[in-house]
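> Based on what follows, work out the 3D shape:
(chains A and B)
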Number of protein chains: 2
Amino acid sequence: MFIIGELINGMYQNIGNAIKEKNKAVIQKCALEQINAGAGALDVNCGPASKQPVSDIQWLVEAIQEVTDKTICLDSSKPQVIESGLKVIKNKVIINSTTADPEKLEKLIPLAKQYNAKLIALTISSKGIPQNKDQRLELAAMIVSACVDMGFSTEDLYLDPIAMPVKVAQAQEKDILEAIREFKVISEPSPKTVVGLSNVSQGSTSRSLINRNFLAMALGNGLDAAILDPLDKDLIDSAITTELILNKNIYCDSFLEAYRKK
Amino acid sequence: MFIIGELINGMYQNIGNAIKEKNKAVIQKCALEQINAGAGALDVNCGPASKQPVSDIQWLVEAIQEVTDKTICLDSSKPQVIESGLKVIKNKVIINSTTADPEKLEKLIPLAKQYNAKLIALTISSKGIPQNKDQRLELAAMIVSACVDMGFSTEDLYLDPIAMPVKVAQAQEKDILEAIREFKVISEPSPKTVVGLSNVSQGSTSRSLINRNFLAMALGNGLDAAILDPLDKDLIDSAITTELILNKNIYCDSFLEAYRKK
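Now for the predicted structure:
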């Protein structure tokens, strides 16, 4: 599984303050901690309190690029913020995210091509959050179709089924998990799949327990990547073990340590 | 998920000794502990050291029936041991197990009908352990076909894909998990599915971690029952959480406690 660390997000108080005070050290420490814990990419989100996200995202990207060449995942619902981040990118990059709305796809797919970026696409549209698996598949098909039309490889596309909180949308979780399985057969080559894992436990108790059991089932259904907290050791242990069972890494008795060393 | 407690098995030293010494208290304590931890049935196996399994199983069944009316799962590869246990059964009963071999099916399916028992059937035959998903499905189809021929409802059948240790058969685990999903569509009504969960981690370190991640994926694929250690609290927490995500129990903030109270 490709781990995208979620912690550089202005909605967390320490990061929000660091952005306001332009305190690079906090951002860089958070970047390195996540990478050391197994993150292959770092999500970067200015958060809802940022008044200048167009410049803040550039500051964040530059701060991170001073300490690592890992992939950066530019996270904003505003295409102009994504575009601003892309202008200063040197590392590999993922755009997070487009929706299935044509005006977003027409803006962000060409940007992804121009900057050689991978693209996360949420199966959501301005009409709202899908209510079942079929609506998710319909939106996924629209996204894949737009990628094919604009010559963007579906191998570089990460479809996100929108993992809803079990507290508010319990009846949908099974459909969300099945959508991951079915997204993989929408096109050839298969699109990749990703979830924003922490959403699943939003507002719940036992958050790590909920996150890791959802993740095990999602990986069993073919999930490729997750945006998550790599500092949650129990979660990463669970992900490593699940992938061991799925034969993604060779078994040895000390498989947890062996994977982390790798 | 229907939990079948695995701990009354003569291969465990305390149980082996209790059988030898005819110490009912040890067996009865083990029965009640498993039930209190959530077991809906108790597997009963005399173990490899028993010299008189035909009488030992009767003693075990009678000891257990003195303290509980929960379902008993008679566990032996020898049909005469199963039959002996059935003769003293008052509780509900599961036969564990038949294989796909005709001589076993012809003996055990009629016994299951006669005693109104459910039947666990291993997708294995005298030719050996299946090496992939297709071989499992072929054996499952033979078993289902024999049940239909003999008028035994597939709703009372539990197909077991033979969960192999990840340490020795890592490449097979994905096929085993997919077999669970595909077993469910072999017949209408669907057969039920079961695994002997602890097999998966046989000989490994981090056994509970392996067991619970395998179980989460198996439940995601529609697993109905598992033979497991109900005293493994982390495993049961994980199973409760997985079933919560799958919408099998209604969400509340204290879902772990609520499920256990139920």
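> And the strands in chain A?
Listed in chain order, the strands of chain A (DSSP state E) span A:2-9, A:41-45, A:71-75, A:93-98, A:118-122, A:157-160, A:192-196, A:225-228.
> out of these, deepest packed?
Stretch with highest mean neighbour count among the strands of chain A: strand A:157-160 (a mean of 28; mean count of other Cβ atoms under 10 Å in any protein chain shown). From N, CA and C alone the C-beta is placed, and that goes for glycine too.
> now what about that one, what contacts it?
When contacts are defined by Cβ atoms under 8 Å, 6 or more residues apart in numbering or on different chains, strand A:157-160 is touched by residues A:94, A:97, A:118-123, A:140, A:143-144, A:147, A:183, A:186, A:191-196, A:224-225.
> got the CA coordinates for it in PDB?
These are the backbone C-alpha positions of strand A:157-160, laid out as PDB (Å, rounded to 0.1, in the frame of the first residue of the first chain):
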ATOM      1  CA  LEU A 157      -5.500   8.100 -11.600                       C
ATOM      2  CA  TYR A 158      -6.500   7.300  -8.000                       C
ATOM      3  CA  LEU A 159     -10.300   6.900  -7.600                       C
ATOM      4  CA  ASP A 160     -11.600   7.800  -4.100                       C
END
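> how far out from the middle of the chain is it?
Offset of strand A:157-160 from its chain centre (Cα atoms, centre = their mean, to the nearest Å): 9 Å.
> average pLDDT for it?
Mean per-residue pLDDT for strand A:157-160: 98.
> Each with direction, which strands does it pair with?
Sheet pairing here is set by DSSP bridges, and for strand A:157-160 it gives strand A:118-122 (parallel), strand A:192-196 (parallel).
> List the contacts of the last one.
So the one you mean is strand A:192-196. A:4, A:6, A:120, A:155-161, A:163, A:176, A:180, A:183-184, A:214, A:218, A:222-227.
> Next up, the contacts around residue A:216.
The neighbours of residue A:216, taking Cβ under 8 Å, 6+ apart as the test, are A:238-239, A:242, B:213, B:216-217, B:220, B:242.
> Near chain B, which residues of chain A are found?
Chain A has residues A:166-167, A:170-171, A:173-174, A:177, A:200, A:204-206, A:209-210, A:212-214, A:216-217, A:219-221, A:237-238, A:241-242, A:244-247, A:250-251, A:253-256 near chain B, with proximity defined as Cβ under 8 Å from any Cβ of the partner chain.
> How about the contacts made by residue A:186?
By Cβ under 8 Å, 6+ apart, the residues touching residue A:186 are A:137, A:140-141, A:144, A:154, A:159.
> ok, of those, which come out buried?
Burial by neighbour count, judged by 16 or more other Cβ atoms under 10 Å in any protein chain shown, picks out A:137, A:140, A:144, A:154, A:159 from the contacts of residue A:186.
> Just send those residues back as TSV, with distance to residue A:90 too.
Formatted as TSV, the buried ones among the contacts of residue A:186 follow (distance: Cβ to Cβ, whole Å):
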residue	distance to residue A:90
A:137	37
A:140	31
A:144	30
A:154	26
A:159	27
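> Which two among those residues are spaced furthest apart?
In terms of Cβ to Cβ, the buried ones among the contacts of residue A:186 reach their longest pairwise distance at A:137 and A:154, which sit 14.6 Å apart.
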